[in-house]
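Enquirer: Generate coordinates for the sequence data below:
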Amino acid sequence: TDKELLLAVKVDQFDRFRLKKIEKKVKSDLEKTYPDHKIEVSTDSKIFLELEQLEQKLQKDKTKMKTLKKEFDKIKSLMKEKA
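Expert: Predicted structure coming up:
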């Protein structure tokens, strides 16, 4: 959205041992690039799939802003649930 950025990172099996470190590094890099955005990063595969589906809907131009906000909030709540 305009002021929020959700990112899900797909992590290899071997890197699963360093999830927190990976999330922290990606988040700090994004905060430098987008200083005026609120950034949420997840390594959860379910979040990755949800964001991928939302992105596909956006690319097909089938999602209205109201629906986008609703789905965006749903994914945000899933991210906080896992935390």
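
Enquirer: alpha carbons only for contacts and neighbour counts from here, please
Expert: Noted.

Enquirer: The nearest residue to Leu68 once chain neighbours are set aside: neighbour count?
Expert: Nearest non-adjacent residue to Leu68, counting by CA to CA, 6 or more residues apart in numbering: Leu54, 8.0 Å away. Leu54 is flanked by 15 other residues according to other CA atoms under 10 Å.

Enquirer: cool, the one 4 residues further on as well?
Expert: Number of residues near Leu58 (other CA under 10 Å) recorded here: 14.

Enquirer: got it, and the one 10 residues further on?
Expert: Around Leu68 there are 17 other residues, counting by other CA under 10 Å.

Enquirer: what about Glu31, is that helix, strand or coil?
Expert: Three-state assignment for Glu31 (DSSP: H, G, I helix; E, B strand; the rest coil): helix.

Enquirer: Ile39 is in contact with that one, correct?
Expert: Yes: counting by CA atoms under 8 Å, Glu31 touches Ile39, with 7.0 Å between them.

Enquirer: which one's the longest helix in the chain?
Expert: helix 65-82 (DSSP state H).

Enquirer: Name the residue most distant from the centre of the protein?
Expert: Phe14 (21.3 Å; CA atoms, centre = their mean).

Enquirer: Let me know the distance separating that residue from Ile22.
Expert: 12 Å (CA to CA, to the nearest Å).

Enquirer: what do you get for Ser77?
Expert: In terms of CA to CA, Ser77 sits 21 Å off from Ile22.

Enquirer: Same question for Val9.
Expert: Counting by CA to CA, the gap from Val9 to Ile22 is 9 Å.

Enquirer: for Gln53, same thing?
Expert: 23 Å.
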